[in-house]
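J.: no sequence on this one, just coordinates:
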């Protein structure tokens, strides 16, 4: 029986697709019965497809018209797109579905118009992981081109959360064929950690993700300055990840002059499971977020998460217990974050029991498993 062929297209315009890379890796490995091929100028994606044993073609990319200077290159982008389309015509022709993991505007000014003209009914799945709908998208002339490209009867614009889709609807940027499919994570061998109560005088908290101001790390730094601790209590903060705002954010933590707060910069974290095993609490103070996979990975490990009250986090926490809903602070409010950290310190025993951690894991598996996510994507691929 012939395998269904999925063709992925992406051109990396800017850094910061880390969550998208992890999501795409999860999805591809969850549906091995499909034949996956990647064409694009995107080194992490090229490397990932090659390592997974699939065809990966490193081509040149198009231009994203996000300024008047780059708009001047739009004609060149269309010409290059035509060359790309003709060069890899057989791949476009044989693909059952085309998937856009990112760079929707760039692809719409590159190869997709020719795909639409040659194969008007070919399904195109556009994955929207962006945490907000910027004016750049809404007011960009190329978005009208994207709407046309995505107008096929079996094409879908896919969001990772209902709240994210609603935000795009409000900006009149969501397409008529838009849907949402929750992210899912792989179920690991769950063993409840006994770490949490080894030393009740030390609270190990952590953050893992892109080091960017959107993640609210500056708010966390301010909260640590304000938190009320007794002399015997220590907080150990472990920060994992890399990002373009590291040189801006690190000094904010360096300025914290408190002997009972210790900060460790871990850098890139390959094994999130091991990282979570060192923590009593994960903190995600994001100003905006699509639907953080890290949040789900923590719950899969039975680890509680203190988050800002942005819509996507509130949506996710609805699927977990009332105790998790107590671990929410007002977005960008460092005083409220400090208060919630104090609350966790005073109530950490109820968050540390094997029964509670196991329930978090079970709720995750029930609602956000990788298998469930894959089944939903199979309906549209």
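T.: Received it, and whenever you're ready, just let me know what you need. Bear in mind the structure is a predicted one, so any value in this text is a computation, not a measurement.
J.: residue 267: neighbour count?
T.: 12 (other CB atoms under 10 Å). In short, each C-beta sits where N, CA and C put it, glycine included.
J.: thought residue 8 was touching residue 103?
T.: No - Residue 8 lies out of contact with residue 103 (CB atoms under 8 Å); the separation is 11.4 Å.
J.: buried set for the lengthiest helix in the chain?
T.: Ranked by residue count and defined by DSSP state H, the top helix of the chain is helix 334-351. Neighbour counts over helix 334-351 (16 or more other CB atoms under 10 Å) mark 334, 336, 337, 338, 339, 340, 341, 344, 345, 348, 351 as buried.
J.: can you check stretch 93-106 too?
T.: Across stretch 93-106, burial judged by 16+ other CB under 10 Å covers 95, 97, 98, 99, 100, 101, 102, 103, 104, 105, 106.
J.: tabulate those (a markdown table), appending pLDDT and distance to residue 77.
T.: Converted to a markdown table, those look like this (pLDDT from 0 to 100; distance: CB to CB, whole Å):
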| residue | pLDDT | distance to residue 77 |
| --- | --- | --- |
| 95 | 98 | 21 |
| 97 | 98 | 24 |
| 98 | 97 | 18 |
| 99 | 96 | 20 |
| 100 | 93 | 16 |
| 101 | 89 | 19 |
| 102 | 79 | 16 |
| 103 | 73 | 12 |
| 104 | 81 | 14 |
| 105 | 80 | 11 |
| 106 | 80 | 8 |
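J.: rewinding a little: which outside residues touch the longest helix of the chain?
T.: With CB atoms under 8 Å, 6 or more residues apart in numbering as the test, helix 334-351 has contacts from 196-197, 200, 203, 205, 219-220, 222-229, 233, 235, 280-281, 283, 285, 304, 306, 323, 326-330, 356.
J.: so which of the residues you listed sit within strands?
T.: Per DSSP state E, strands hold the following members of the contacts of helix 334-351: 203, 205, 235, 281, 283, 306, 328, 329.
J.: farthest-apart pair in the residues you listed, please.
T.: Taking CB to CB, the two most distant members of the ones in strands among the contacts of helix 334-351 are 235 and 328; they sit 19.5 Å apart.
J.: for the ones in strands among the contacts of helix 334-351, which one is nearest residue 362?
T.: Within the ones in strands among the contacts of helix 334-351, proximity to residue 362 (CB to CB) peaks at residue 281, which comes in at 19.6 Å.
J.: returning to what we had before: could the ones in strands among the contacts of helix 334-351 be laid out in a markdown table, adding pLDDT, distance to residue 1 and neighbour count?
T.: Formatted as a markdown table, the ones in strands among the contacts of helix 334-351 follow (pLDDT from 0 to 100; distance: CB to CB, whole Å; neighbours: other CB atoms under 10 Å):
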| residue | pLDDT | distance to residue 1 | neighbour count |
| --- | --- | --- | --- |
| 203 | 93 | 55 | 21 |
| 205 | 96 | 51 | 20 |
| 235 | 95 | 57 | 20 |
| 281 | 96 | 49 | 23 |
| 283 | 97 | 48 | 26 |
| 306 | 98 | 48 | 22 |
| 328 | 97 | 48 | 18 |
| 329 | 97 | 52 | 24 |
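J.: and the residues you listed, which is closest to residue 78?
T.: For these, the nearest to residue 78 is residue 283 (45.4 Å; CB to CB).
J.: which residues does the nearest residue to the closest one once chain neighbours are set aside contact?
T.: Leaving out its chain neighbours, the residue that sits closest to residue 283 by CB to CB, 6 or more residues apart in numbering is residue 306, at 4.9 Å. Applying CB under 8 Å, 6+ apart, we find residue 306 in contact with 281, 282, 283, 284, 327, 328, 329, 337, 340, 341, 344.
J.: now flag whichever of these is closest to residue 361.
T.: Taking CB to CB as the measure, residue 361 lies nearest residue 282 of these, at 14.3 Å.
J.: and the closest one, what are its bridge partners?
T.: Taking DSSP bridges as the rule, residue 282 bridges to residue 206, residue 305.
J.: and it, how far from residue 333?
T.: From residue 282 across to residue 333, the span is 19 Å (CB to CB, to the nearest Å).
J.: which of these two has more neighbours?
T.: Shown here are residue 282 and residue 333; by other CB under 10 Å, residue 282 has more neighbours (24 against 17).
J.: residue contacts, the more buried one?
T.: By CB under 8 Å, 6+ apart, the contact list for residue 282 reads 205, 206, 207, 208, 276, 294, 295, 298, 303, 304, 305, 306.
J.: could you dump those residues to a markdown table with distance to residue 251?
T.: Supplementary listing: the contacts of residue 282 in a markdown table, determined by distance: CB to CB, whole Å:
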| residue | distance to residue 251 |
| --- | --- |
| 205 | 20 |
| 206 | 20 |
| 207 | 16 |
| 208 | 20 |
| 276 | 27 |
| 294 | 24 |
| 295 | 27 |
| 298 | 27 |
| 303 | 28 |
| 304 | 29 |
| 305 | 26 |
| 306 | 24 |
